[in-house]
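# can't give you the sequence, but here's the structure:
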């Protein structure tokens, strides 16, 4: 599985909450910041995370209160 930056995942066994992939990875490890578990570097040969959302979380608006036209 290729991990894309911003994808939202969860650990299949541990309750670390939702995690956001911090950088693209298809190699032996992936860095993910989990809500409850903090920053983790996972060995991909030992774990298959559950993909919750593959949209780039970092491309979403950082200000949800801002109007769609851009005028406040």
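Nice, thanks for sending it over. Just so it is clear, the model here is predicted, and its values are computed rather than measured.
# The closest residue to residue 11 other than its chain neighbours - how many residues pack around it?
Excluding the flanking residues, the one nearest residue 11 by CB to CB, 6 or more residues apart in numbering is residue 49, at 6.1 Å. All C-beta atoms are positioned from the backbone trio N, CA, C, and that covers glycine. By other CB atoms under 10 Å, 19 other residues sit near residue 49.
# Ramachandran coordinates for residue 49?
In terms of degrees, to the nearest 10, the main-chain angles of residue 49 are phi -70, psi 160.
# Quick check: it vs residue 25, distance?
Plainly put, residue 49 is 11 Å away from residue 25 if you go by CB to CB, to the nearest Å.
# now swap in residue 11 and tell me
Residue 11 is 16 Å from residue 25, where distance means CB to CB.
# quick one on the thing from earlier: from residue 21, how far off is the residue nearest to residue 11?
In this view, residue 49 and residue 21 are 9 Å apart by CB to CB.
# shared neighbours, the two?
Shared contacts of residue 49 and residue 21 (CB atoms under 8 Å, 6 or more residues apart in numbering): 9, 30, 32.
# Out of those residues, who's the most crowded?
residue 32 leads the shared contacts of residue 49 and residue 21 on contacts (other CB under 10 Å) with 26 neighbours.
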